[in-house]
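[1] Below are the sequence and a predicted model for it; my questions follow.
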Amino acid sequence: MADDGAMLRPADRQAEQQADWPLDPVLDWLRREGRLQVELAAFVGELIDRLEAIGAPVWRFYLGLQTIHPQLRAMGVVWRRGEGYSEVARRYGIELTSAFIGSPIQEVREGRKMIRHRLTALTPQHHEVLHEVARDGGVDYLAFPVPISRGEWPVLTIATDRAQGFSEADVLKFALLVEHLGAVVEMHIGHRVTTTLLETYLGRETGD
């Protein structure tokens with residue numbers, strides 16, 4: 001009986017091999033060292049380093065979360081290969097602008113379900129942020145809600161520039177990663193809210 005693997009075309013075999021990346025080392029890091037990282041941006045940076053090391057098809061990564069702040073509606077961390085990571089701030093009123101309305105972030109936040117967009121098959125009806133990611137080189141785009149116990153759920157997006165996009169195995173592994181990220185992200189939200197409140201009412205030095 002012929003080996004099914006021998007019947008795969010070279011491109012299919014390459015895609016299968018690329019999809020076979022082991023998530024367990026990253027989950028183990030989350031349970032041990034990862035959850036101890038107190039800065040969200042640094043945590044995302046270390047997470048991406050480990051995802052790249054195991055061969056995960058990550059080209060762009062974004063994690064956005066709501067916060068309690070006198071000036072800011074939300075905070076997020078964005079990373080792109082070759083550019084590193086940076087924090088982005090969303091001021092009050094962002095939810096009333098075209099940057100948010102109709103965006104994948106709004107869709108996931110309100111529907112609380114994963115969505116996927118093939119960036120090679122976009123139409124004028126798709127949100128501008130998807131066209132921007134596609135113009136920069138993105139091929140496939142995933143957006144996940146990150147379940148937490150209270151408050152608005154954070155949203156995590158992952159895009160790849162791999163020609164064949166994400167495999168179904170990739171999607172399942174990223175979904176599992178998001179399940180494990182929830183508890184860590186919730187700790188960061190709690191820390192950020194507490195710090196902001198203390199600094200607002202007691203001042204930075206006393207708050208610290």
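    Received it, and whenever you're ready, just let me know what you need.
[2] Could I get the full set of helices for the chain?
    Here the chain has its helices, by DSSP state H, at 10-19, 24-31, 40-53, 104-111, 128-135, 168-202, 204-207.
[3] ranking the ones you listed by mean pLDDT, which is last?
    Least confident of those, judged by mean pLDDT, is helix 10-19 with a mean of 47.
[4] which ones are touching the residue most central in space within the chain?
    With distances taken as Cα atoms, centre = their mean, residue 156 lies nearest the centre of the chain, 3.1 Å away. For residue 156, the contact set (Cβ atoms under 8 Å, 6 or more residues apart in numbering) comprises 61, 62, 63, 64, 143, 144, 146, 178, 181. C-betas here are computed from N, CA, C, even on glycine.
[5] Distance check, the nearest residue to residue 137 once chain neighbours are set aside against residue 51.
    Leaving aside its sequence neighbours, residue 137 sits nearest to residue 161 (Cβ to Cβ, 6 or more residues apart in numbering; 4.7 Å). Separation of residue 161 from residue 51 (Cβ to Cβ, to the nearest Å): 14 Å.
[6] out of those two, which sits in the more crowded spot?
    residue 51 (22 against 18; other Cβ atoms under 10 Å).
[7] quick one: the more buried one and residue 59 touch, right?
    No. Using Cβ atoms under 8 Å, residue 51 makes no contact with residue 59, being 10.9 Å away.
[8] now the contacts of residue 156: which count as buried?
    61, 62, 63, 64, 143, 144, 146, 178, 181 (16 or more other Cβ atoms under 10 Å).
[9] Sort out which of those residues are in strands and list them.
    Among the buried ones among the contacts of residue 156, the members found in strands (DSSP state E) are 61, 62, 63, 64, 143, 144.
[10] right, and residue 157 touches residue 142 too?
    Yes. Here residue 157 reaches residue 142: they are 6.6 Å apart, a contact under Cβ under 8 Å.
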